[in-house]
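Colleague: A predicted structure for the sequence below; I have some questions about it.
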Amino acid sequence: MWDNIEEKTCDDSSVKKYIFTKSDAIAESVLYAYPTYQERTVMCVSCQTGCPMGCNFCGTGKFFGRNLTADEIIAQIDHMRVLNNIDFNTCEKLQLMFMSMGEPLLNMDSMSDVLEQLNEHYPNAQLLVSTSGPKTEDGWNSLMASAMLIPTLGLQFSVHESSDEARNKLIPMKKKLNLEQIALRGLDFFLNTGRKPFFNYCVHEGNNTPDDVMRLRMLFDPRVWECTLSVICESDETMAKAMRDNLTVVQEFSEKMLNVGYNVRVFDPAGQDSIGGGCGQLHSVQKFAKENPHIMKQSPGDAIRCRVE
């Protein structure tokens, strides 16, 4: 399925990154042990080669090649499982997340098949689709159909900012949901499944004020939504370094969000300093694009960002 597979392992072996390549595609996946695979296994898996959204902090978003097939997506999971001798059926906690390379809602033809197969073979697995919210009725309807059938399927939106003006600078793709529309989609998910969606918010010095908290609170009702906090990495730093540098800001903002009623989880960047496994840090597609310009093109979102700049 994949011609070449490269493994990168952090110093304590708790996090491994896999780079999958073939003649016309590349994918990156990240495997976590918390603290052992038996106790908690987490896999973050790619669904596209590159990504069309062009988020300006993301190493993946500058280029887009094609959607991955269902077989190519599942092969990433199978390789990590077999190579590391992980028995999915006996894991105390198993989380399979589609939040590496690519936008899942723009590849729901493959993703629907993947989610169905994973639920059939590993009904104990917690599945999570993470999306930046492109405008695609077909993608959303397909996701909701899967969510209604799969009781372990969760949803996360990459919100990152408390205003559309600020968010548009991070995610330049024009054909995306605004924050109010994301809030309505999340409410729809909650009312139809009974499961709370997540919104991911990237905390920094410019968006951690009481006004930011109130804007989020007005949009994303804590009775409906869960909150995940993380940070944005610069191109020359790792997620772990960025979290250390912004630890006080993140902790203070977490307290503010707890005080207005949210359940809050803070992203754990453990083990990522040496392998670049964090969100936005999957840069291998850039080298692949330079070597395969006939396959990889500038992503639509990155083209918009370049015109604005």
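Modeller: Cool, got the structure.
Colleague: Please count neighbours and contacts with C-alpha atoms only from this point.
Modeller: OK.
Colleague: Now name the helix or strand holding residue 127.
Modeller: Per DSSP states H and E: residue 127 is located in strand 126-131.
Colleague: Kindly report the same for residue 218.
Modeller: Per DSSP H and E: residue 218 is located in helix 210-219.
Colleague: Within its sheet, name the partner strands of the helix or strand just after that helix and how each one runs.
Modeller: Downstream of helix 210-219, the next assigned helix or strand under DSSP H and E is strand 226-230. Using DSSP bridges, strand 226-230 pairs in its sheet with strand 198-202 (parallel), strand 264-266 (parallel).
Colleague: outside of the shortest one, which residues touch it?
Modeller: When contacts are defined by C-alpha atoms under 8 Å, 6 or more residues apart in numbering, strand 264-266 is touched by residues 226-230, 254, 257-258.
Colleague: Let me have those in CSV, adding pLDDT, distance to residue 197 and neighbour count as columns.
Modeller: Output for the contacts of strand 264-266, formatted as CSV (pLDDT from 0 to 100; distance: C-alpha to C-alpha, whole Å; neighbours: other C-alpha atoms under 10 Å):
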residue, pLDDT, distance to residue 197, neighbour count
226, 97, 6, 20
227, 97, 9, 23
228, 95, 10, 22
229, 93, 14, 20
230, 85, 16, 23
254, 95, 18, 22
257, 97, 16, 22
258, 97, 17, 13
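Colleague: Return the closest of those with respect to residue 25.
Modeller: Nearest to residue 25 among the contacts of strand 264-266, counting by C-alpha to C-alpha, is residue 230 at 28.9 Å.
Colleague: roughly how far apart are that closest one and residue 249?
Modeller: Distance from residue 230 to residue 249, counting by C-alpha to C-alpha, to the nearest Å: 11 Å.
Colleague: again, but for residue 149
Modeller: 39 Å.
Colleague: any residues in contact with both of residue 230 and residue 249?
Modeller: With C-alpha under 8 Å, 6+ apart, residue 230 and residue 249 have common neighbours residue 203.
Colleague: can you pull the contacts of residue 198?
Modeller: So residue 198 contacts 155-157, 225-228 (C-alpha under 8 Å, 6+ apart).
Colleague: Let's have these in a markdown table, adding distance to residue 54.
Modeller: Converted to a markdown table, those look like this (distance: C-alpha to C-alpha, whole Å):
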| residue | distance to residue 54 |
| --- | --- |
| 155 | 21 |
| 156 | 18 |
| 157 | 16 |
| 225 | 26 |
| 226 | 26 |
| 227 | 24 |
| 228 | 22 |
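Colleague: Show me which of those is closest to residue 58.
Modeller: Looking across those and measuring by C-alpha to C-alpha, the closest to residue 58 is residue 157, at 15.6 Å.
Colleague: Surely the closest one is within a strand?
Modeller: Yes. Under DSSP: H, G, I helix; E, B strand; the rest coil, residue 157 sits within a strand.
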